[in-house]
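Visitor: got a predicted model here, sequence first, then my questions.
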Amino acid sequence: MDAFKGKYERTSADNYEELLKELDVNFLLRKAATVSTPVMEVTEEGGVWNIKTSTTLKTMELKFKLGEAFDETTPDGREVVATVNFEAGKIVTTQKAKKDGQKSTKSVREMNGADEMVYTISVDGSDVVSVQKFKRV
């Protein structure tokens, strides 16, 4: 996981608006999310990992210990039980919705060489997949 440590800036976001629509994110929030250029920072201290994503409008932090489930409220307001694992060199996050009618997601962060992180997000029960790329800064 040490290869992931560092700061990255998003360089592309394929199908991101479609993914946000699938999650029932409203129009204004979708537009704000798609025009922003987020910076993602991955750090670790004492076995607690932190993935901090910042835009001019909002900062979100995902703090976790590998393999330990935790309650989370997603940026779009879903209440989920999240688990983060390190599988085959990838950071895999599952977010299982607590409420009926809300959607569950899976995201995979993987390195493409030393300086590019590929972040793939999918929605359970849907064929919509968003692929975002981040370059180390």
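Guide: Yep, that arrived.
Visitor: so where do the strands sit in this structure?
Guide: 6-14, 39-45, 48-54, 59-64, 70-73, 79-87, 90-97, 105-111, 116-123, 129-136 (DSSP state E).
Visitor: who's in contact with the first one?
Guide: Residues lying outside strand 6-14 but in contact with it, judged by CB atoms under 8 Å, 6 or more residues apart in numbering, are 34, 37-42, 117, 130-137. Any C-beta I mention is one placed from the backbone N, CA and C, and that applies to glycine too.
Visitor: kindly indicate which of those lies nearest residue 70.
Guide: Of all the contacts of strand 6-14, the one sitting nearest residue 70 is residue 42; the distance, using CB to CB, is 17.4 Å.
Visitor: residues in contact with the closest one?
Guide: Applying CB under 8 Å, 6+ apart to residue 42 gives the contacts 4-8, 49-51.
Visitor: what is the burial count for the residue lying closest to it once chain neighbours are set aside?
Guide: Using CB to CB, 6 or more residues apart in numbering and skipping residues adjacent in sequence, the residue nearest residue 42 is residue 4, 4.7 Å away. When neighbours are defined as other CB atoms under 10 Å, residue 4 has 20 of them.
Visitor: thought residue 4 was touching residue 114?
Guide: No - using CB atoms under 8 Å, residue 4 makes no contact with residue 114, being 10.8 Å away.
Visitor: next, the buried residues of the helix or strand of the chain with the lowest mean pLDDT.
Guide: Here the helix or strand of the chain ranked lowest by mean pLDDT, DSSP states H and E is helix 27-35, holding a mean of 88. For helix 27-35, the buried set under the neighbour-count rule, 16 or more other CB atoms under 10 Å, comprises 30, 33.
Visitor: also stretch 99-116?
Guide: In stretch 99-116, counting by 16+ other CB under 10 Å, buried: 102-105, 107-110.
Visitor: mean confidence score for it?
Guide: Taken as a whole, stretch 99-116 carries a mean pLDDT of 96.
Visitor: same thing with stretch 5-12?
Guide: 98.
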